[in-house]
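A.B. asks: sequence plus the predicted model coming up.
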There are 2 protein chains.
Amino acid sequence: MQLPSSLLENAVAEFSKLPGVGKKTALRLVLHLLKKEVGDVNRLADALTKMRQEIQFCKRCFNISDGEICSICTNTMRQQNTICVVENIRDVIAIESTQQFNGVYHVLGGVISPLDGVGPEQLNVESLIARIEEEQIDEIIFALSPNIQGDTTIYYIQKRLGAGKCKVTTIARGVAFGGELEYADEMTLARSLQNRLPVQQYVK
Amino acid sequence: MQLPSSLLENAVAEFSKLPGVGKKTALRLVLHLLKKEVGDVNRLADALTKMRQEIQFCKRCFNISDGEICSICTNTMRQQNTICVVENIRDVIAIESTQQFNGVYHVLGGVISPLDGVGPEQLNVESLIARIEEEQIDEIIFALSPNIQGDTTIYYIQKRLGAGKCKVTTIARGVAFGGELEYADEMTLARSLQNRLPVQQYVK
């Protein structure tokens, strides 16, 4: 695709570096911006540079934050003694949008995956263990992806913590709502059977 | 979706103003940029603002240009006496990528559409007519979308030009390559039949 202007070409090239944005989509977006006011385009550009330069990560839980400590960690209405351990910031946003969790988080920044060269030292594991030793924590909830890497990470952290420090749980694996039994994979169905609940507990 | 930072929220809001970008996609793109170097994000932002502020439209054909006159109009290897009339810049890019046209363009900036309040005075029609009167033009090729608005525009401009000024043609309407006859709409198939070609001419 030959473009009639190097400025346009440059903008398209930068846009198409984004994940899932090909050259045609980039061109569509750039031509859209070209029709907008200069102020609108500047606002987009400023929002991006400002976000990248000024955003901070919470020193306690490594969530995205506007300040040193994030709004979840400073919220005294939340149970500061329940930590939900997640892989990344997207998981925090997903759990927050359920509005079912009122504790605090700890963002690991990934999971242990020897094949990808990711060990515990690349993750925020030490800070989690320090946090559990220093603060008064009642429960750790692991909300990691249900795969080998996730399970390895849970196993490693639990080993490091030792027994009896606090309650350690993981979110339930099972057949998803709206999913049909016959299409569920064997692992999920097997876990779903193993972790069956009394009906009274399920409907409460 | 509650985001943990106002900077993040702002960037997501700006991104999701783009066509076809929802809040979830915007968040994915923004979190991707957050993992990139500051320089990479600045390059994207600069490319967008620079493009919007510095890009020009060719004074002759209204194509996008880095200078006053675009690279197609200044190219002496191209036939300056054949004008292809198109609706917008995307059409120029599409025709250029066929590498089958060696003339110059005239970008109307839209088509006549009374229902949308678009008349000839909102389009670059006067400049086209002035161009045809001033320059030595042999042929005008209309490459507009095959619909009522496109046909109205062709009719209007041809009326304004008067007869005998120069050759006026329009790109062929017909069954597309790879298309199956039975799925072609009646209009297209009818036009395809009316404008049938001698086989010698077709395979030449």
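C.D. replies: Happy to help now that I have it. Numbering: from 1, shown residues only, chains lettered A, B, ... in the order given.
A.B. asks: tell me, how many residues neighbour the closest residue to A:V38 other than its chain neighbours?
C.D. replies: Nearest residue to A:V38, sequence neighbours excluded (CB to CB, 6 or more residues apart in numbering or on different chains): B:R52, at 5.6 Å. For the C-beta atoms, the positions are set from N, CA and C on the backbone; glycine is no exception. When neighbours are defined as other CB atoms under 10 Å in any protein chain shown, B:R52 has 23 of them.
A.B. asks: which SSE is B:R52 in?
C.D. replies: For B:R52, the host element (DSSP states H and E) is helix B:38-54.
A.B. asks: spit out the contact partners of the closest residue to chain B within chain A.
C.D. replies: Among all residues of chain A, A:A45 sits closest to chain B, at 3.7 Å; criterion: CB to the nearest CB. A:A45 makes contact with B:44-46, B:48-49, according to CB atoms under 8 Å, 6 or more residues apart in numbering or on different chains.
A.B. asks: try 7 Å this time
C.D. replies: Counting by CB atoms under 7 Å, 6 or more residues apart in numbering or on different chains, A:A45 touches B:45, B:48-49.
A.B. asks: nearest spatial neighbour of A:T82, skipping sequence neighbours?
C.D. replies: A:G103 is the one closest to A:T82 (CB to CB, 6+ apart), at 3.1 Å.
A.B. asks: need the contact list for that neighbour.
C.D. replies: So A:G103 contacts A:78-79, A:82-84 (CB under 7 Å, 6+ apart).
A.B. asks: between the residues you listed, which is closest to A:I93?
C.D. replies: A:I93 has its nearest neighbour among the contacts of A:G103 in A:C84, at 12.6 Å by CB to CB.
A.B. asks: parallel or antiparallel, list what pairs with the host helix or strand of that closest one.
C.D. replies: Here A:C84, judged by DSSP H and E, is contained in strand A:82-86. Looking at strand A:82-86 with DSSP bridges, its partner strands are strand A:104-107 (parallel), strand A:139-142 (parallel).
A.B. asks: which stretch in these is the model least sure about?
C.D. replies: Sorting the strands paired with strand A:82-86 by mean pLDDT places strand A:139-142 lowest, at a mean of 91.
A.B. asks: residues in contact with that one: which ones?
C.D. replies: Residues contacting strand A:139-142 (CB under 7 Å, 6+ apart): A:82-85, A:132, A:154, A:166-171.
A.B. asks: chain center to that strand: distance?
C.D. replies: 15 Å (CA atoms, centre = their mean, to the nearest Å).
A.B. asks: may I see the buried residues of it?
C.D. replies: For strand A:139-142, burial by neighbour count (16 or more other CB atoms under 10 Å in any protein chain shown) applies to A:140-142.
A.B. asks: quick one, domains of chain A?
C.D. replies: According to automatic domain parsing, chain A is divided into the following domains: A:6-46, A:79-171, A:172-204.
A.B. asks: hmm, back to that, and B:G110, which of the strands paired with strand A:82-86 is closest to it?
C.D. replies: The closest of those to B:G110 is strand A:104-107. By CB to CB, the value is 49.1 Å.
A.B. asks: burial count for the residue nearest to A:G119 when sequence neighbours are not counted?
C.D. replies: Nearest non-adjacent residue to A:G119, counting by CB to CB, 6+ apart: A:I112, 6.4 Å away. Counted with other CB under 10 Å, residues neighbouring A:I112 total 23.
A.B. asks: how about the strands in chain A?
C.D. replies: Per DSSP state E, chain A carries strands over the ranges A:56-57, A:64-65, A:82-86, A:104-107, A:139-142, A:167-170.
A.B. asks: so which of these is the most packed in?
C.D. replies: When the strands of chain A are scored by mean count of other CB atoms under 10 Å in any protein chain shown, the highest mean neighbour count falls to strand A:104-107 (a mean of 25).
A.B. asks: name the residues that touch it?
C.D. replies: A:61-63, A:72-73, A:78, A:80, A:82-86, A:88-89, A:92, A:124, A:128, A:131.
A.B. asks: could you pull out the helices for chain A?
C.D. replies: A:6-15, A:23-35, A:38-54, A:89-98, A:125-134, A:148-161, A:186-194, A:199-203 (DSSP state H).
A.B. asks: can you pull out the low-pLDDT segments for chain A?
C.D. replies: A:1, A:201-204 (pLDDT under 70).
A.B. asks: of all the helices of chain A, which one is nearest B:L181?
C.D. replies: Closest among the helices of chain A, using CB to CB: helix A:23-35, at 28.4 Å.
A.B. asks: and chain B, is the closest one touching that?
C.D. replies: Yes: applying CB under 7 Å from any CB of the partner chain, one finds helix A:23-35 touching chain B at A:28-34.
A.B. asks: tabulate the CA atom coordinates of that helix in PDB.
C.D. replies: Taking Å, rounded to 0.1, in the frame of the first residue of the first chain, the C-alpha atoms of helix A:23-35 are listed here in PDB:
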ATOM      1  CA  LYS A  23      -2.100  -1.600   8.200                       C
ATOM      2  CA  LYS A  24      -5.700  -1.200   6.900                       C
ATOM      3  CA  THR A  25      -7.200  -0.600  10.300                       C
ATOM      4  CA  ALA A  26      -4.400   1.800  11.100                       C
ATOM      5  CA  LEU A  27      -5.100   3.800   7.900                       C
ATOM      6  CA  ARG A  28      -8.800   3.900   8.800                       C
ATOM      7  CA  LEU A  29      -8.000   5.200  12.300                       C
ATOM      8  CA  VAL A  30      -5.500   7.800  11.000                       C
ATOM      9  CA  LEU A  31      -7.900   9.100   8.300                       C
ATOM     10  CA  HIS A  32     -10.500   9.400  11.000                       C
ATOM     11  CA  LEU A  33      -8.200  11.500  13.100                       C
ATOM     12  CA  LEU A  34      -7.300  13.600  10.100                       C
ATOM     13  CA  LYS A  35     -11.000  14.700   9.900                       C
END
